[in-house]
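**Student:** Quick one: sequence plus predicted model below, questions after.
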Amino acid sequence: MVHATAFLLVLSLALVAPGLSARKCVLTGRWVNDLGSNMTIGALNGKGEFTGSYHTAVSATSNEIRLSPLQGSQHRMNEKSQPTFGFTVNWSFSDSTTVFTGQCFVDEEGKEVLKTMWLLRSHVDNLKDDWKATR
């Protein structure tokens, strides 16, 4: 009986171990980037939507930087372990909006990492200046 118990324990550990290595990346929480900007993402609703706030550490404006609201959604099909997402930040201190799109990863050390790309749209006074409004 002792040998059977040991075998069952080893078998159960072998079945559990793959789940430990495939850790799911969770978007909800506080994030800080390498420039010192930080954001907080709230819990996802049933549709994968979320709200939060963003405080940038960098800006081209001379206005005082303030905490700004964000809204977004996470792709929830098949409950992937490293989900894609997108969100919009409506800057509270300027006439501009930024959209971000990216993916949440778990690196080799088990740390969650967001990789994103962004577009910032600034206000311009006329159609002629449209070319310089998006970065």
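**Tutor:** The structure has been received and is ready for your questions.

**Student:** State the next helix or strand along the chain beyond the worst-scoring helix or strand of the chain on mean pLDDT.
**Tutor:** The helix or strand of the chain with the lowest confidence, counting by mean pLDDT, DSSP states H and E, is helix 2-21 at a mean of 44. Per DSSP states H and E, the first helix or strand lying C-terminal to helix 2-21 is strand 29-32.

**Student:** And that next one, what's buried?
**Tutor:** residue 31 (16 or more other C-beta atoms under 10 Å). No exception for glycine: its C-beta is placed from N, CA and C like everyone else's.

**Student:** So which other helices or strands are in contact with it?
**Tutor:** Strand 29-32 sits against strand 38-41, with contacts defined as 3 or more C-beta pairs under 8 Å, 6 or more residues apart in numbering; DSSP states H and E.

**Student:** what's next to the strand it packs on, contact-wise?
**Tutor:** Strand 38-41 has contacts (C-beta atoms under 8 Å, 6 or more residues apart in numbering) with 27-32, 50, 52-55, 57, 70, 72, 87.

**Student:** where does the protein have low pLDDT?
**Tutor:** Scanning the chain with the threshold set as pLDDT under 70 gives 1-22, 61, 77-80.

**Student:** any chance you could map the strands in it?
**Tutor:** 29-32, 38-41, 49-55, 68-74, 84-90, 96-106, 112-122 (DSSP state E).

**Student:** Just send those back as TSV, with distance to residue 132 too.
**Tutor:** Listed next are the strands of the chain as TSV, based on distance: least, C-beta to C-beta, whole Å:
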stretch	distance to residue 132
strand 29-32	30
strand 38-41	27
strand 49-55	23
strand 68-74	22
strand 84-90	20
strand 96-106	12
strand 112-122	8
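
**Student:** Any idea which of those gets closest to residue 134?
**Tutor:** Evaluated with C-beta to C-beta, the strands of the chain place strand 112-122 nearest to residue 134, the distance being 5.2 Å.

**Student:** For the closest one, give me every contacting residue.
**Tutor:** 25-27, 31, 94-107, 133-135.

**Student:** The same query, at a cut-off of 6 Å, please.
**Tutor:** 25, 96-107, 133-135 (C-beta atoms under 6 Å, 6 or more residues apart in numbering).
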